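Participant: Mind looking at a prediction? Sequence and model below.
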Amino acid sequence: MKASIYVALHLAACFPLSSAAQDAQWAWTSSVSSGDGWFSDSGHTDVVLDGQLLTAHLVSSSNGFDRYFVQGVVKNGKFTGTVQVNYSDIGTYQVKGTHKVTHWKSSPGHGREVLVLSDGFEVFALMRNF
């Protein structure tokens, strides 16, 4: 799991949000080992956090498809839920991970919010600047 979190954080750093998209737009990236390399995808998402319930449709920037649907509960910095792979026979699987909000010391009211999720094989990072 530590290696998965490292990969997700590295991917999050590789896909920073542009300054024009910092207000509320979320981005996502995922990576999974394919046996002889890594398959990665990324795009934008609309994250809805209603109390502790989180839902997100992850849209791929490579083809515009609504690739994944994530839903679950965020509580005390932890996430437990499911990922549904759309347009696939893979179906739905369980994921867990972390939720962290960091505020910039030099810019009050601004910061970054990150969710890092994994099923032990594939890792996802959802992030936004605010």
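Facilitator: All right, it came through fine. Numbering: from 1, shown residues only.
Participant: now the strands for the chain?
Facilitator: 26-33, 38-50, 53-60, 66-75, 78-85, 91-103, 111-118, 122-129 (DSSP state E).
Participant: So which of those strands has the densest surroundings on average?
Facilitator: strand 122-129 (a mean of 23; mean count of other C-beta atoms under 10 Å). In short, each C-beta sits where N, CA and C put it, glycine included.
Participant: now that strand against strand 78-85, angle please.
Facilitator: 110 degrees (axes from the mean of the first three to the mean of the last three C-alpha atoms, to 10 degrees).
Participant: elements contacting strand 122-129?
Facilitator: Secondary-structure packing of strand 122-129 (3 or more C-beta pairs under 8 Å, 6 or more residues apart in numbering; DSSP states H and E): helix 2-14, strand 26-33, strand 38-50, strand 53-60, strand 66-75, strand 111-118.
Participant: could I get these as a markdown table with distance to Ala125?
Facilitator: Shown next, in a markdown table, are the helices and strands packed on strand 122-129 (distance: least, C-beta to C-beta, whole Å):
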| stretch | distance to Ala125 |
| --- | --- |
| helix 2-14 | 4 |
| strand 26-33 | 5 |
| strand 38-50 | 9 |
| strand 53-60 | 11 |
| strand 66-75 | 12 |
| strand 111-118 | 5 |
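Participant: Now render these as CSV, adding mean pLDDT.
Facilitator: Listed next are the helices and strands packed on strand 122-129 as CSV, based on pLDDT from 0 to 100:
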stretch, mean pLDDT
helix 2-14, 46
strand 26-33, 96
strand 38-50, 94
strand 53-60, 97
strand 66-75, 97
strand 111-118, 97
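Participant: pLDDT value on the closest residue to Phe79 other than its chain neighbours, please?
Facilitator: Excluding the flanking residues, the one nearest Phe79 by C-beta to C-beta, 6 or more residues apart in numbering is Gly97, at 4.7 Å. We have a pLDDT of 98 for Gly97.
Participant: And Gly97, how close does it get to Thr55?
Facilitator: In this structure, Gly97 and Thr55 are 15 Å apart, going by C-beta to C-beta, to the nearest Å.
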